[in-house]
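Chemist: no sequence on hand, only this structure:
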């Protein structure tokens, strides 16, 4: 009986842990922000920040540097 129980527990763990979730949720909105900063070399560095909102995972943040 113990072997049967161990086998059932092993099967549940193997089948439940093998799935990978995919993020196919629709995008609700995009927040964009541009930050301009001056450097000591008389250059202007432009940093773009972007936050993509979706339903489940609350979004993703991306930062882009064009310096």
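Modeler: Right, received. Where do you want to start? Owing to the predicted nature of the structure, the values given are computational and were not obtained by experimental measurement.
Chemist: ends of stretch 13-29, how far apart?
Modeler: 37 Å (CA to CA, to the nearest Å).
Chemist: now that stretch: mean pLDDT?
Modeler: The average pLDDT within stretch 13-29 is 70.
Chemist: now stretch 52-60
Modeler: Across stretch 52-60, pLDDT averages out at 70.
Chemist: what about it, how long is it end to end?
Modeler: Termini of stretch 52-60 sit 5 Å apart (CA to CA).
Chemist: count of neighbours near residue 53?
Modeler: Residues lying near residue 53 (other CB atoms under 10 Å) number 14. Any C-beta I mention is one placed from the backbone N, CA and C, and that applies to glycine too.
Chemist: surely it meets residue 27?
Modeler: Yes. Using CB atoms under 8 Å, residue 53 is in contact with residue 27, at 6.9 Å.
Chemist: what is residue 65 paired to in the beta sheet?
Modeler: residue 47 (DSSP bridges).
Chemist: report the distance from the host helix or strand of residue 6 to the chain centre.
Modeler: If you go by DSSP states H and E, residue 6 is part of helix 2-16. Chain-centre distance of helix 2-16: 32 Å, with CA atoms, centre = their mean, to the nearest Å.
Chemist: just to be sure, residue 30 is in a strand?
Modeler: Yes. Under DSSP: H, G, I helix; E, B strand; the rest coil, residue 30 sits within a strand.
Chemist: number of nearby residues for it?
Modeler: Residue 30: 11 surrounding residues under other CB under 10 Å.
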